[in-house]
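A.B. asks: Pasting the sequence and the predicted model now:
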Amino acid sequence: MKYTLLAKDRKSEARRGMLTTDHGTVETPIFMPVGTLGSVKAVHMRELRDDIGAQIILGNTYHLYLRPGTETLREAGGLHRFNGWSKPILTDSGGFQVFSLGDCRKITEEGVTFRSHIDGSKHLFTPEKVMDVERAIGADIVMAFDECPPGQSDYAYARKSLELTQRWLERCVRRFDETEPLYGYHQSLFPIVQGCVYPDLRTRAAEHAVALDREGYAIGGLAVGEPAEAMYEMIGVVNRVLPQDKPRYLMGVGTPENILEAIALGVDMFDCVMPTRNGRNGMLFTTEGIINIKNKKWERDFSPLDPAGLCFADTDYSKAYLRHLIKSDEILGLQICSIHNLSFYLWLVSEARRHISEGDFSEWKTATARRVMTRL
């Protein structure tokens, strides 16, 4: 995998780049639609590719391991062939999902024992096992196995958790480097930088990850309950350590404003379930602000979903019709909201790239964040 830096903003750390993988190139900053089980909910691969313009999508190791299972994915030839997506894929290691199971899991030095949320069956995730599973899934970019502590963890817990994550990271790197890709194309392993909201822990974690000399780095454990300003502070701390010539991925973030602020701090890659999850609940992100399409005020509003015409959904359907679908529990409404919101997120990062190249990103960011976060 190759990262090429193309442009930098004059007044911030924002940068524009190009990520080259064996399944194609990705322009950064980029937003990656979340396809937890190998599909982005309510959206066809053709729509992702042709209508939304997605360049890379996510899968989740925990969920894909449980269903359809690694043997099925191996027999299919990896997730690309299984789901029909020919562009790059990134997989989360499943660490966040495992640790969110609470009483259904137990952490030891070896790894995490947990019970499936599907049938209660017992499983063990070790760093080595996760690397083997991610090899079987076959994503272009895979994440190391880590512990994701709660955002309000005290210092002692955060330090202990980070030390475990660092030991697991070293085991992930060893296992990854002693194995080969299964399907004839290159895979890259990204360490995940943890450390909660403590600058010295974040710095230590970033330095440790950089010393392992991988092709890119992820920032995890943010947007998990800490204040937004603390999140931005930690991004700044980490990005002062991470190398300039490699991509930086902020995991699970976030609102349009979060993404714009993180781009200004030097982040290149983002993912979040917000556009699809919130869309399925009737929230639309638009170039003019945020709409709750369930509100009665849209009942006889026959204007397009977004005057910017970000995708076919914006021109083919009115606010009144979409409200009718959502209020009637029609599946088409969920599809339209998901397609529109993903198109908005991809538009947002595309505009960020353009303004970085044109040299006015900082001014554009301030005005855009205020406008798109306004409740209409």
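C.D. replies: Arrived safely, thanks for sending. Numbers count the residues shown, from 1 in each chain.
A.B. asks: alpha carbons only for contacts and neighbour counts from here, please
C.D. replies: OK.
A.B. asks: What distance do you get for the residue minimising distance to the centre of the chain to Pro33?
C.D. replies: Residue closest to the average C-alpha location in the chain (C-alpha atoms, centre = their mean): Asp271, at 2.0 Å. To Pro33, Asp271 is 6 Å away according to C-alpha to C-alpha, to the nearest Å.
A.B. asks: list the residues that contact both of these two?
C.D. replies: Common neighbours of Asp271 and Pro33 are listed as Leu58 (criterion: C-alpha atoms under 8 Å, 6 or more residues apart in numbering).
A.B. asks: Surely Glu233 is in a helix?
C.D. replies: Yes. Assessed with DSSP: H, G, I helix; E, B strand; the rest coil, Glu233 lies in a helix.
A.B. asks: which residues does it contact?
C.D. replies: Applying C-alpha under 8 Å, 6+ apart, no residues contact Glu233.
A.B. asks: what about the stretch 201-350 of the chain, any weak spots by pLDDT?
C.D. replies: Within the stretch 201-350 of the chain, no stretch has pLDDT under 70.
A.B. asks: Please enumerate the helices of it.
C.D. replies: Under the criterion DSSP state H, counting those that start in this stretch, helices of the stretch 201-350 of the chain are mapped to 228-239, 256-264, 274-280, 312-316, 319-327, 331-358.
A.B. asks: mind listing what's buried in the second one?
C.D. replies: Neighbour-count burial for helix 256-264, counted by 16 or more other C-alpha atoms under 10 Å, picks out Pro256, Glu257, Asn258, Ile259, Leu260, Glu261, Ala262, Ile263, Ala264.
A.B. asks: Repeat that for the shortest one.
C.D. replies: Along helix 312-316, the positions that meet the burial threshold by neighbour count (16+ other C-alpha under 10 Å) are Ala313, Asp314.
A.B. asks: Quick one: list the elements packing against that helix.
C.D. replies: Contacts defined by 3 or more C-alpha pairs under 8 Å, 6 or more residues apart in numbering; DSSP states H and E place helix 312-316 against helix 331-358.
A.B. asks: re the thing from before, which one of the buried residues of helix 256-264 sits closest to Ile219?
C.D. replies: The closest of those to Ile219 turns out to be Ala262 (C-alpha to C-alpha; 11.2 Å).
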